[in-house]
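In: compute the structure for the input listed below.
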Amino acid sequence: MAKVSKKRAAINAKIDKSKLYTIDEAMTLMKEINLTKFDASVDVHIRLGVDPRKADQAIRGTVTLPNGTGKTKSVLVFCTPDKEEEAKAAGADYVGLDDLIQKIQDGWTDFDVAVAMPQVMAKVGRIGRILGPRGLMPNPKTGTVTMNVGDAVSDVKGGKISFRVDKYGIVHSSIGRVSFEPEKLSQNAQELLSTLMKMKPSSAKGTYMKSVTIASTMSPGLKVDVRTIR
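Out: The predicted structure is shown next:
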């Protein structure tokens, strides 16, 4: 236990809690303050000045991270038989319809993203109470309800992520791994933050991007100077 305390103390000594870091500084420091032996996820937590209860301020969308997330996501596609080959060719891990719906009704949800054709959404809606709470329900706003199932699969495999503001007005998103070069983490973070900046609702009053904190799994958080976001 003392060994962990020493390590934590050494890490805490590297962090200036009164400082607002630039994104580049924060990403460089991420490697130095990582406590885990595994390749930890690097996450960004953005507090927005929005009221998620208002429809036009319930921010959600997608962004393609230029350097990917470091994790290959498993993709399930709900489609008609004529689209199965397209989905498989794009790299879908699970393809089908009634068989997959039954499997999910039986308790299976071992996939990261679900894509569906508009025509099959009535059937998929039956398992909405299972998929919805897990963030797995296909949605037109995130590009996962589409006729172009192959493109949707390729996008997800290529680093496209979806995000949404929670009920506290915070967006939480993984933007890579500790093993990434700091420059690549910075590029990914900038892409997400600039996308959120462009999505500012006209009805949101006051400061829009209130705070940005970057942390890896189990590491202390680093506060970012919002003015340094490009």
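In: so for the closest residue to residue 151 other than its chain neighbours, what's the pLDDT?
Out: The shortest distance from residue 151 to any residue other than its chain neighbours is 7.4 Å, reached at residue 90 (CB to CB, 6 or more residues apart in numbering). Backbone N, C-alpha and C define where each C-beta goes, glycine included. Looking at residue 90, its pLDDT reads 96.
In: got the phi/psi numbers for residue 90?
Out: With angles defined as degrees, to the nearest 10, residue 90 sits at phi -80, psi -10.
In: my guess is it contacts residue 146. True?
Out: No - contact criterion CB atoms under 8 Å: residue 90 and residue 146 do not qualify, at 11.9 Å.
In: shared neighbours of these two, anything?
Out: residue 152 (CB atoms under 8 Å, 6 or more residues apart in numbering).
In: okay, these two: which has more neighbours?
Out: Ranked by neighbour count (other CB atoms under 10 Å), residue 90 and residue 146 place residue 90 first, with 21 against 17.
In: tell me the SS of the closest residue to residue 87 other than its chain neighbours?
Out: Leaving aside its chain neighbours, residue 87 sits nearest to residue 77 (4.1 Å; criterion: CB to CB, 6+ apart). With DSSP: H, G, I helix; E, B strand; the rest coil as the basis, residue 77 sits in strand.
In: excluding chain neighbours, what is closest to the most centrally placed residue in the chain?
Out: The centroid of the chain falls nearest to residue 173 when counting by CA atoms, centre = their mean (4.0 Å). Nearest in space to residue 173, with sequence neighbours left out and distances taken as CB to CB, 6+ apart, is residue 163 at 4.9 Å.
In: please name the residues that touch the one you found.
Out: Counting by CB under 8 Å, 6+ apart, residue 163 has contacts 59-63, 171-173, 192, 196.
In: export those to a markdown table and tack on distance to residue 204, secondary structure and pLDDT?
Out: Putting the contacts of residue 163 into a markdown table (distance: CB to CB, whole Å; DSSP: H, G, I helix; E, B strand; the rest coil; pLDDT from 0 to 100) gives the following:
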| residue | distance to residue 204 | secondary structure | pLDDT |
| --- | --- | --- | --- |
| 59 | 9 | coil | 93 |
| 60 | 14 | strand | 89 |
| 61 | 15 | strand | 90 |
| 62 | 20 | strand | 89 |
| 63 | 19 | strand | 92 |
| 171 | 14 | strand | 97 |
| 172 | 19 | strand | 95 |
| 173 | 19 | strand | 94 |
| 192 | 18 | helix | 96 |
| 196 | 12 | helix | 95 |
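In: nearest to residue 42, of the residues you listed?
Out: Distance to residue 42 across these (CB to CB) is lowest for residue 173, with 10.0 Å.
In: isn't the closest one right up against residue 193?
Out: No - counting by CB under 8 Å, residue 193 is not a contact partner of residue 173; they are 9.8 Å apart.
In: residues in contact with stretch 108-118?
Out: For stretch 108-118, the external contacting residues (CB under 8 Å, 6+ apart) are 73-80, 83, 87, 92-94, 124, 130-131, 134, 136-138, 140, 144-147, 149, 152-153, 156, 162.
In: distance of the residue nearest to residue 87 from residue 164?
Out: Distance, residue 77 to residue 164, by CB to CB, to the nearest Å: 21 Å.
In: need the next SSE after the lowest-mean-pLDDT helix or strand in the chain, C-terminal direction.
Out: Least confident helix or strand of the chain, by mean pLDDT, DSSP states H and E, is helix 2-14 with a mean of 72. Remark: after helix 2-14, the chain's next helix or strand is helix 23-32, criterion DSSP states H and E.
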